[in-house]
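Visitor: Quick check, what structure comes out for this input:
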Amino acid sequence: MLGCKRAALAMILGGLLAMTGCASSGAWRTSGLWMDVPPSDQRPSDEPVFLGKEHFARSDYGLAERDFRAAVEANPASIDAWVGLAASYDRLHRFDLADRAYQQALKLAGRTPQMLNNLGYHYLLMGDRQKAREYLEAALQAEPNNAYILGNLELVETWKVGER
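Guide: Residues are numbered from 1 along each chain as shown. The predicted structure is shown next:
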């Protein structure tokens, strides 16, 4: 009888240890390795940026704007979030808001060829071919073989007034 009680107690203790083992101090077992993962509310999330990019790729610019806006609110230092927000505003024809988002991205990233290219395309969408050309030519000086910049410069030359 004493042996059965010990066996039952061992099973109960074993079950309790198994149930509490995963939740203790954020340790998770991954591929045979133990690693410390902070609780989800204590680490930044890339999910809004990821979702924004997914929506943008599907031409769901309103949903992309929502996700990128959430991303910049959660992490104001995220260049990807600011650029995504600006590009979403461009596609929604909210150029005033796109201007502000691009200015914030420019403060964070600096005048990189990618930023200059994005600004050039932004001004092209607004119909300001002169300013678009200036930004795109500056981007091209930094990266002379960049296909995106070359393509956008070609768009500047072939874009018809009033064309979207």
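
Visitor: Next, residue 146: phi, psi?
Guide: phi -70, psi 120 (degrees, to the nearest 10).

Visitor: Check residue 56 too.
Guide: Torsion angles, degrees, to the nearest 10, at residue 56: phi -60, psi -40.

Visitor: Could you find the closest non-adjacent residue to it?
Guide: In this structure, residue 56 finds its nearest non-sequential neighbour in residue 64, 4.0 Å apart by C-beta to C-beta, 6 or more residues apart in numbering. Bear in mind the C-beta positions are built from the backbone N, C-alpha and C, glycine included.

Visitor: so the one you found makes contact with residue 88?
Guide: Yes - assessed by C-beta atoms under 8 Å, residue 64 is found in contact with residue 88 at 4.4 Å.

Visitor: so what sits against both of those two?
Guide: 52, 56 (C-beta atoms under 8 Å, 6 or more residues apart in numbering).

Visitor: Distance of residue 68 relative to residue 76?
Guide: 12 Å (C-beta to C-beta, to the nearest Å).

Visitor: between those two, which one's more packed in?
Guide: residue 68 (30 against 11; other C-beta atoms under 10 Å).

Visitor: Wasn't the more buried one part of a helix?
Guide: Yes - checked against DSSP: H, G, I helix; E, B strand; the rest coil, residue 68 lies within a helix.

Visitor: Do I have it right that it meets residue 88?
Guide: Yes - contact criterion C-beta under 8 Å: residue 68 and residue 88 qualify, at 5.6 Å.
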